[in-house]
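Engineer: Okay, structure incoming, though there's no sequence with it:
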């Protein structure tokens, strides 16, 4: 497997790559991972891996080959290009010393896609790509500085990688048209939804709220996960600014890390109804989510078909309603509507966001009804057993086709 993100990263793509690799290893497959140094979502190399150039670890029965790369603290198209170039250069110079039967690449890393294709061609084996985010579309839609110029280059590299793959998996059906437009035959494209990689909440909700300083008589809207450009989290800051002027009390909480956290903290310096929490461990994460009254997923209005937030699978497990402040025609809106776990509202509209929160606060029975749909949706569609089997089936399909 080629995946820049891997354990101990506990949000984003890392948990999925880790669970896939460990599932394969547990089934008796000799599994190797070419990975970067852990850095997400803080965009800082973890203390445990700083100063290391190359290393090999054994984690959960998997051999993890790590290669050092740049980690830009602030995202621009140029910095992202340097990040990708460093991954590609080091992975090319020092590939894992193994001969695989199949190569599985987790994208969005363009460098990872190129490396996976090279490793597969060198060994004469199939290359399977799972598309978590579409990088060309991301450069175009996320608002990253210099993204317009980078979109064409990223899209061209991405298309070449996907056309060369034996099988392409996409995590949502909204990606299919864009991938086939790149020249990938539809028969090679398979929808492989992500699954919930966290357990359900088990702690006492009132105790968790008290520990976090959340009052019993205030409505808490929580956003958990990466604080990046595409999330457009300024809408939550402005909604909190409005909430501070009205009653009853609404508290908006941003939990996590990312390259926009410092910017958001400066923006919210005078906003009393908004607070920040650092990332929490995997054991605590579900209980913090469940302690909130409402969970938020936000994206810029321009984000349509380039990503599906991995946080949704965790949100649905909590039994709390989800408000999606996203483009109505995008994949995220489709997924929230299909779950039935909450309303979809206009993106980048703080008044609409605050009104949706207050509507749920005023109707606790409706909030509970919506929230209860999330775990049912997970059971029906997003179980880890089903998700891992879909990935295993992709690999079997690719190997059988090559044979």
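Structural biologist: Great, that's in hand. This structure is a prediction, so every number in the text was calculated from the model and none was measured. Numbering: from 1, shown residues only.
Engineer: Give me the domain ranges for this structure.
Structural biologist: 14-195+383-402, 205-381 (automatic domain parsing).
Engineer: Give the other helices and strands that the helix or strand where residue 396 lies contacts.
Structural biologist: Residue 396 is part of helix 384-402 when elements are defined by DSSP states H and E. For helix 384-402, the elements it packs on are helix 14-26, strand 103-107, strand 127-131, strand 167-170, strand 189-191, judged by 3 or more CB pairs under 8 Å, 6 or more residues apart in numbering; DSSP states H and E. C-betas here are computed from N, CA, C, even on glycine.
Engineer: could you give the angle of that helix to helix 14-26?
Structural biologist: Going by axes from the mean of the first three to the mean of the last three CA atoms, to 10 degrees, helix 384-402 is angled at 70 degrees with respect to helix 14-26.
Engineer: quick revisit: now tabulate the domains of the chain in JSON lines and tack on distance to residue 8 and mean pLDDT.
Structural biologist: Compiled in JSON lines, the domains of the chain are given as follows (distance: least, CB to CB, whole Å; pLDDT from 0 to 100):
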{"stretch": "domain 14-195+383-402", "distance to residue 8": "5", "mean pLDDT": "91"}
{"stretch": "domain 205-381", "distance to residue 8": "10", "mean pLDDT": "92"}
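Engineer: out of the ones you listed, nearest to residue 3?
Structural biologist: Nearest to residue 3, of all the domains of the chain, is domain 14-195+383-402, at 3.9 Å by CB to CB.
Engineer: Span of the closest one from start to end?
Structural biologist: 28 Å (CA to CA, to the nearest Å).
Engineer: The helix holding residue 396 vs strand 103-107, what angle?
Structural biologist: On the basis of the same axes, to 10 degrees, helix 384-402 is oriented at 130 degrees to strand 103-107.
Engineer: Show me the helices in the stretch 1-150 of the chain, by range?
Structural biologist: 14-26, 77-93, 110-123, 135-141, 147-164 (DSSP state H, counting those that start in this stretch).
Engineer: for those, which one sits closest to residue 365?
Structural biologist: That would be helix 14-26 among the helices of the stretch 1-150 of the chain, by CB to CB, at 33.6 Å.
Engineer: contact partners of the closest one?
Structural biologist: Here helix 14-26 makes contact (CB atoms under 8 Å, 6 or more residues apart in numbering) with 1, 3, 5-9, 31, 33, 35, 38, 40, 59-62, 104, 106, 132, 194-195, 197, 310, 384, 388, 391-392, 395.
Engineer: any idea how far it is from the chain center?
Structural biologist: Computed by CA atoms, centre = their mean, to the nearest Å, the separation of helix 14-26 from the middle of its chain amounts to 16 Å.
Engineer: For that helix, list every residue counted as buried.
Structural biologist: 14, 15, 16, 17, 18, 19, 20, 21, 22, 23, 24, 25 (16 or more other CB atoms under 10 Å).
Engineer: Any chance of a markdown table for those, columns distance to residue 402?
Structural biologist: Below are the buried residues of helix 14-26 laid out as a markdown table (distance: CB to CB, whole Å):
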| residue | distance to residue 402 |
| --- | --- |
| 14 | 28 |
| 15 | 29 |
| 16 | 24 |
| 17 | 23 |
| 18 | 26 |
| 19 | 25 |
| 20 | 20 |
| 21 | 21 |
| 22 | 24 |
| 23 | 21 |
| 24 | 17 |
| 25 | 22 |
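Engineer: Relative to residue 338, which of those is nearest.
Structural biologist: residue 16 (19.8 Å).
Engineer: From residue 252, how far out is that closest one?
Structural biologist: Using CB to CB, to the nearest Å, we find residue 16 at a distance of 28 Å from residue 252.
Engineer: what about the strands in the stretch 251-400 of the chain?
Structural biologist: Using DSSP state E, counting those that start in this stretch, the strands of the stretch 251-400 of the chain run over residues 274-277, 294-298, 322-325, 344-345.
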